[in-house]
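Novice: Mind folding the following:
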Amino acid sequence: MTTVQSQSKLKLSILDLATMYNGETATETLQNSTKLIQLADELGYTRYWFAEHHNTKYQMSSSPDLLSAHAASVTKRIRVGSGGIMLPNHSPLKVVENFSLLEALHPGRIDLGIGRAPGTDGMTAYALRRSREAVTGDDFPEQLSELLAFFSRNFPKEHPFSKITPSPDESLVPDIYMLGSSNGGMQFAVQQGLGFVFAAHISPQLAVPMLRAYRENFEPSTFMPEPKSILAIIVIAAETYEEAEYLAGPAELQWARWGTGTFQLPPPTLDEASSHVYSAAETAARNEGKGRFVIGSAENVAAKLRTLAEEALVDEIMILNMMTETTSRHKSYTLLAEEFNLNS
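Specialist: Sure thing, here's the model as predicted:
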């Protein structure tokens, strides 16, 4: 079988959770995100997305649309967007209005990634939606259909929303992707003819089969005539494997904690991670989660990513970095850009 990657150069992109490391203030964290997206723009990365999370004490990523507006205004070339907008928390009409506006401000540079989960706990979801029925029910298929109909202006004439104009310009449509960490997101992407991004950092064992199934079953649409798929995973690169392992310590400890049900702690520092003695439960969670990470020298990481891309039939990898030190974070992305010749 001819692989997707063999037809084009492997592209790299970035997913940002706007995490507050090492006691940073919220402002410092957002300043760091601003510097990173400007660096990514210069290095030749394809896109830069912001996640949506709520009721998190150490993340500033509650509004990816606002962050995207800021990011696009301080860059020149790179695509920006949401990874994603958690649609159950929002009015489909308002999402369409916001992203049509972003597309008008920055033509051809806006992506709308859509998620099915709330990105938070049940009580916070209730506070966001102001309806217990919206929290306990599942009307995502209806929400997605409304969102796409607002973009394409194809509500049936008898539909109560058919007279609503979300934007004066019908051409203001971003590239639309479904996010997924299971079969559900993939099915929506296939059936609606949307792009698809699989979160391998959440469900590493499902990444390859889900992305292959998407490619093999994609149904073209007015939004995307051909399939577009991206594999998202945690990547930590350094000059040497030993340095990369050290720099990956905080992220590995964080995921081990999450795997044992420990949340809302400050993200671990490098010193804390390097001296931490793992409990049996944390060790099991760490071992189980090895597939979430690609760690090593830039050369070795590049080889692993190319293999993953070939297996998953994708031509783009989206990197979640989770490195606590700004200098090391920038170095990692720079090494990878050089290894993949992103600016060539």
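
Novice: How much space separates T260 from I236?
Specialist: Distance, T260 to I236, by C-beta to C-beta, to the nearest Å: 22 Å. From N, CA and C alone the C-beta is placed, and that goes for glycine too.

Novice: Which residue of the two possesses the greater neighbour count?
Specialist: Taking neighbours as other C-beta atoms under 10 Å, T260 and I236 compare with I236 leading, 27 against 16.

Novice: wait, the more buried one sits on M322?
Specialist: Yes: with contacts counted by C-beta atoms under 8 Å, I236 reaches M322, the gap being 7.5 Å.

Novice: got any residues that touch both of those two?
Specialist: A251 (C-beta atoms under 8 Å, 6 or more residues apart in numbering).

Novice: And the average pLDDT for stretch 197-213 is what?
Specialist: Stretch 197-213 carries an average pLDDT of 97.

Novice: hmm, who's touching that stretch?
Specialist: So stretch 197-213 is contacted by 83-84, 113, 177-183, 185-186, 190, 196, 214, 229-234, 289, 291-293, 308, 311-314, 318, 320 (C-beta under 8 Å, 6+ apart).

Novice: Cross those against helices and list the overlap.
Specialist: Assignment to helices by DSSP state H places the following of the contacts of stretch 197-213 there: N183, G185, M186, V190, Y214, L308, E311, A312.

Novice: Show the contacting residues for the residue positioned nearest the centre of the chain.
Specialist: Nearest to the mean C-alpha position of the chain, by C-alpha atoms, centre = their mean, lies G83 at 3.6 Å. By C-beta under 8 Å, 6+ apart, the residues touching G83 are L15, W49, F50, A51, P64, G113, L179, V197, A232, M318.

Novice: likewise T27?
Specialist: Shown in contact with T27 (C-beta under 8 Å, 6+ apart): no residues.

Novice: what's the pLDDT at it?
Specialist: Looking at T27, its pLDDT is 98.

Novice: For it, give me phi and psi.
Specialist: phi -60, psi -40 (degrees, to the nearest 10).

Novice: and S91, how many residues sit next to it?
Specialist: The burial count for S91: 13, using other C-beta under 10 Å.

Novice: Just the buried positions in stretch 166-182, please.
Specialist: For stretch 166-182, burial by neighbour count (16 or more other C-beta atoms under 10 Å) applies to P166, S167, L172, V173, P174, D175, I176, Y177, M178, L179, G180, S181.

Novice: export it as PDB, just CAs?
Specialist: Below are the C-alpha coordinates for stretch 166-182, written out as PDB (Å, rounded to 0.1, in the frame of the first residue of the first chain):
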ATOM      1  CA  PRO A 166     -24.300  33.700  11.300                       C
ATOM      2  CA  SER A 167     -22.000  35.800   9.100                       C
ATOM      3  CA  PRO A 168     -22.600  38.200   6.100                       C
ATOM      4  CA  ASP A 169     -20.000  36.200   4.100                       C
ATOM      5  CA  GLU A 170     -20.800  32.500   3.400                       C
ATOM      6  CA  SER A 171     -17.200  31.800   2.500                       C
ATOM      7  CA  LEU A 172     -15.900  32.400   6.000                       C
ATOM      8  CA  VAL A 173     -15.500  28.700   6.900                       C
ATOM      9  CA  PRO A 174     -12.400  27.400   8.700                       C
ATOM     10  CA  ASP A 175     -11.000  23.900   8.200                       C
ATOM     11  CA  ILE A 176     -13.000  21.700  10.500                       C
ATOM     12  CA  TYR A 177     -11.600  18.700  12.300                       C
ATOM     13  CA  MET A 178     -13.100  16.200  14.700                       C
ATOM     14  CA  LEU A 179     -11.000  15.200  17.700                       C
ATOM     15  CA  GLY A 180     -11.000  11.700  19.000                       C
ATOM     16  CA  SER A 181      -9.500   9.200  21.400                       C
ATOM     17  CA  SER A 182     -11.900   6.400  20.500                       C
END
